[in-house]
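Undergrad: Have a look at this fold, sequence not included:
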RNA sequence: GGCCCCGUGGUCAAGUGGUUAAGACACUGCCCUUUCACGGCAGUUACAUGGGUUCGAACCCCGUCGGGGUCACCA
């Protein structure tokens, strides 16, 4: 029990679930579960300005959809609750005051104006320690007078602080770089700096897993553990997730790079299991295997911290698309139909041959949202340009296609058995008769009946679904266009 | 700007002193009795750079350059 690995995911309820956050949650979960440990969810809502209504629900649902089971959290409770920081205010106050009475922290009465002018004077500098050594009587008097205050941590003025990160190794920084950080804000809420340390300790967190943007502030947190006399946790900092900019540079993954929230990605038809699988590989890779397709359970088996990378990883929508296609292809036809439902109109869902259409689509689609285009042309012929008939590989031109369609039309008119095999045989014969490649005939027909360059299936498959009437009508339309 | 981190092909990424420097995505070509896709095969593309250390360096050390992060009463 005492040696159990305990990790936590501690998001702020600020709206939506960024894919980078989900990746952090996934790694934290994996680290705990790979070891039979415990995964805690804690809501860090100490910034009342940034609170967004409903975001806790989004967090809960995202974790559920992604398959990251929570052992302790706001929903399921646990021995170390509450798991929402705004409900733990007395705890932070108590611990902050303890630090003050131990001489490790102090009351600071500096107001916003003074801090701002400080900032202007020395760019990049921190707090100047103005209240660090106020006489005790003065502190008492100000407290009694009700002057607003914060509590700051006393940083050592000299020396160096070192900690060991399980991914990045030893990180050392001069203590003079560290400023006396605020622990308790004037509104009585703790800062992240303080609250997460207290909570991680109280909740028994053994591995602190978070993004590497915390790498350089972690010495301050380590010092906080030291000040309390608590053993420092294991630190696992994760490489940053980057996005590719249009000019080829990269920067922290954000909205300008496209959809970056889990729910947006799902809305575009990326399967949760594909997203999870893909982001697992952003900053980590398994040992001794080239396998890339893993279920959550399999990841759990194989995941280990020393497979985590140090360098930032660029989020590649192309690769995600590939993962997604692989997962779509693994779905049973029934399951695929179920997941596709949200992307179909009522009319399309009611169409008798929709099952057949979906079976044509499933093997060749990347994201479910692409279903729209792949399905709608069955119901309405899109307007298309005659240039579509020109195909280099099959050596077709608008002229040759006109001739092909005219010929084909005559033969098809009298065809009784309107099914794929019969259609295919007829068209192939026609090609031989005209002494051209079968591909050329297929190309012309496929364009005429679909109006698209890319379709879910070949010419004859499409015609079978479309039926004789519609097929002939569309071919006529094609002939009309070409004349 | 100070501090911290990172630097293998367009992207993800193996690799821990001796390798023909894996693999995947993307890209290109070919094949798969029909485009696209799926599948198969083949191919183009990489150790930022300069010095060391060593018989030998992608791997170790130092500098340079490049990129990123961080310096809040945000997390």
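TA: Arrived safely, thanks for sending. Since the model is a prediction, treat every value here as computed from it, not as a measurement.
Undergrad: Could you count how many residues lie near residue A:83?
TA: The number of residues packed near residue A:83 is 23, by other C-beta atoms under 10 Å. Using the backbone N, CA and C atoms, a C-beta is placed for each residue, glycine as well.
Undergrad: doesn't residue A:71 make contact with it?
TA: No. Under the criterion of C-beta atoms under 8 Å, residue A:83 is not in contact with residue A:71, lying 10.9 Å apart.
Undergrad: got any residues that touch both of these two?
TA: When C-beta atoms under 8 Å, 6 or more residues apart in numbering defines a contact, the residues bordering residue A:83 and residue A:71 alike are residue A:40.
Undergrad: Now do the strands in the stretch 151-300 of chain A.
TA: With DSSP state E, counting those that start in this stretch as the criterion, the stretch 151-300 of chain A has strands at A:160-165, A:169-174, A:182-184, A:207-211, A:234-238, A:241-244, A:250-252.
Undergrad: Point out the most buried one among those.
TA: Mean neighbour count, computed with mean count of other C-beta atoms under 10 Å, is highest for strand A:182-184 among the strands of the stretch 151-300 of chain A, reaching a mean of 25.
Undergrad: Pull the residues that contact the helix or strand hosting residue A:31.
TA: Taking DSSP states H and E as the definition, one finds residue A:31 inside helix A:19-33. Contacts of helix A:19-33 with the rest of the structure, by C-beta under 8 Å, 6+ apart, involve A:5-9, A:11, A:37-39, A:62-63, A:66, A:68-69, A:207, A:209-211, A:236, A:238, A:240-241, A:253, A:260-262, A:265, A:275-276, A:279-280, A:282-284, A:299-300, A:303, A:305, A:308, A:315.
Undergrad: Averaged pLDDT, it. What do you get?
TA: Mean pLDDT, computed over helix A:19-33, is 97.
Undergrad: Just want the angle from it to strand A:207-211.
TA: Using axes from the mean of the first three to the mean of the last three C-alpha atoms, to 10 degrees, one finds that helix A:19-33 and strand A:207-211 are set 160 degrees apart in direction.
Undergrad: gap between residue A:291 and residue A:300?
TA: Residue A:291 is 15 Å from residue A:300, where distance means C-beta to C-beta, to the nearest Å.
Undergrad: More neighbours: these two, which one.
TA: residue A:300 (18 against 9).
Undergrad: What is the burial count for residue A:197?
TA: 26.
Undergrad: So the nearest residue to residue A:69 once chain neighbours are set aside: helix, strand or coil?
TA: In space, and not counting its chain neighbours, residue A:69 is closest to residue A:39: 7.0 Å by C-beta to C-beta, 6 or more residues apart in numbering. Residue A:39 carries the three-state label strand when classified by DSSP: H, G, I helix; E, B strand; the rest coil.
Undergrad: How many neighbouring residues does the nearest residue to residue A:37 once chain neighbours are set aside have?
TA: Taking C-beta to C-beta, 6+ apart, and ignoring the residues beside it in sequence, residue A:37 has residue A:5 as its nearest neighbour in space, at 3.2 Å. Other residues lying near residue A:5 total 17 when counted by other C-beta under 10 Å.
Undergrad: do the same with the one 10 residues further on
TA: Look at residue A:15: counted by other C-beta under 10 Å, it has 14 neighbours.
Undergrad: Return the residues in contact with it.
TA: For residue A:15, the residues meeting the contact criterion (C-beta under 8 Å, 6+ apart) are A:52, A:55, A:58.
Undergrad: and those residues as TSV, adding neighbour count?
TA: Below are the contacts of residue A:15 laid out as TSV (neighbours: other C-beta atoms under 10 Å):
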residue	neighbour count
A:52	13
A:55	19
A:58	18
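Undergrad: List, one by one, the residues from the stretch 301-450 of chain A near RNA strand B.
TA: For the stretch 301-450 of chain A, the residues in contact with RNA strand B (C-beta under 7 Å from any atom of the strand) are A:306-307, A:309-314, A:316, A:318-319, A:321-322, A:325-326, A:329, A:363-365, A:391, A:393-394, A:420, A:424, A:428, A:438-439, A:442-443, A:446.
Undergrad: try it again with 6 Å
TA: In this structure, the stretch 301-450 of chain A approaches RNA strand B at residues A:309-314, A:316, A:318-319, A:322, A:325, A:363-364, A:420, A:424, A:438-439, A:442-443, A:446, judged by C-beta under 6 Å from any atom of the strand.
Undergrad: Could you say which helix or strand holds the residue with the largest distance to the centre of chain A?
TA: Residue farthest from the centre of chain A, counting by C-alpha atoms, centre = their mean, is residue A:433 at 55.0 Å. Mapping residue A:433 onto the secondary structure by DSSP H and E places it in helix A:420-434.
Undergrad: Give the other helices and strands that the next helix or strand after that helix contacts.
TA: Proceeding C-terminally, helix A:420-434 gives way to helix A:438-450 as the next helix or strand, assigned by DSSP H and E. Helix A:438-450 makes packing contacts with helix A:398-413, helix A:420-434, helix A:459-466, helix A:468-482 when contacts are defined by 3 or more C-beta pairs under 8 Å, 6 or more residues apart in numbering; DSSP states H and E.
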